[in-house]
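Asker: Task: produce atomic coordinates for the following.
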Amino acid sequence: MKVLCDTSFLMVLVAKPIKNIERVEHELGHLEFIVPDVVIDELKRLEGKAGPKRATLAKTALALAGAKFKTVKVPRAVHVDDSIVEYSTKEKCAVATIDTNLRRRLIANEVLVITLSRDRLTVANPNLDA
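Answerer: Have a look, this model is predicted:
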């Protein structure tokens, strides 16, 4: 299953180790993490303009995304979240985010959402058929 990663998820991914990815993969099948090009752009902006701690996290997230994840082109929109919602609904892929507003929008659009809770990967809307 393809899982689109947003900026918040990647930033947390590099800040804290994540537990129980195997359990989530057991439930959903192999997870293939992908990163939208607009998220790469957002991370580059943060790397240049954020405070030292966030800039370092953004830089590390960029390195991780480049080394481990495939980057995909998504439709450009005014807000990155709009691009993520549009791509995930059209391509029928899950989204990994810790952003509460984005998570609500995705759930309303019946997109499977993977999030973090207490450093553990969880499915925010498990009743949705993957």
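
Asker: and the end-to-end length of stretch 18-31?
Answerer: 14 Å (C-alpha to C-alpha, to the nearest Å).

Asker: Please point out which parts of it sit buried.
Answerer: Val24, Leu28, Leu31 (16 or more other C-beta atoms under 10 Å). Every residue, glycine included, has its C-beta placed from N, CA and C.

Asker: Could you do stretch 83-100 as well?
Answerer: Ser83, Ile84, Val85, Tyr87, Ser88, Cys93, Ala94, Val95, Ala96, Thr97, Ile98, Asp99.

Asker: Now tabulate those in a markdown table and tack on secondary structure and pLDDT.
Answerer: Converted to a markdown table, these look like this (DSSP: H, G, I helix; E, B strand; the rest coil; pLDDT from 0 to 100):
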| residue | secondary structure | pLDDT |
| --- | --- | --- |
| Ser83 | helix | 96 |
| Ile84 | helix | 97 |
| Val85 | helix | 96 |
| Tyr87 | helix | 97 |
| Ser88 | helix | 97 |
| Cys93 | coil | 96 |
| Ala94 | strand | 96 |
| Val95 | strand | 97 |
| Ala96 | strand | 96 |
| Thr97 | coil | 96 |
| Ile98 | coil | 94 |
| Asp99 | coil | 95 |
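
Asker: Tell me where this protein has strands.
Answerer: Assigned by DSSP state E, the strands in the chain fall at 2-5, 32-36, 70-72, 94-96, 113-117, 120-123.

Asker: any idea which of these is most buried?
Answerer: strand 94-96 (a mean of 26; mean count of other C-beta atoms under 10 Å).

Asker: Mind listing residues that contact that strand?
Answerer: 1-6, 9, 28, 31, 33, 84, 88, 102, 106, 111-115, 130 (C-beta atoms under 8 Å, 6 or more residues apart in numbering).

Asker: quick one: strands adjacent to it?
Answerer: strand 2-5 (parallel), strand 113-117 (parallel) (DSSP bridges).
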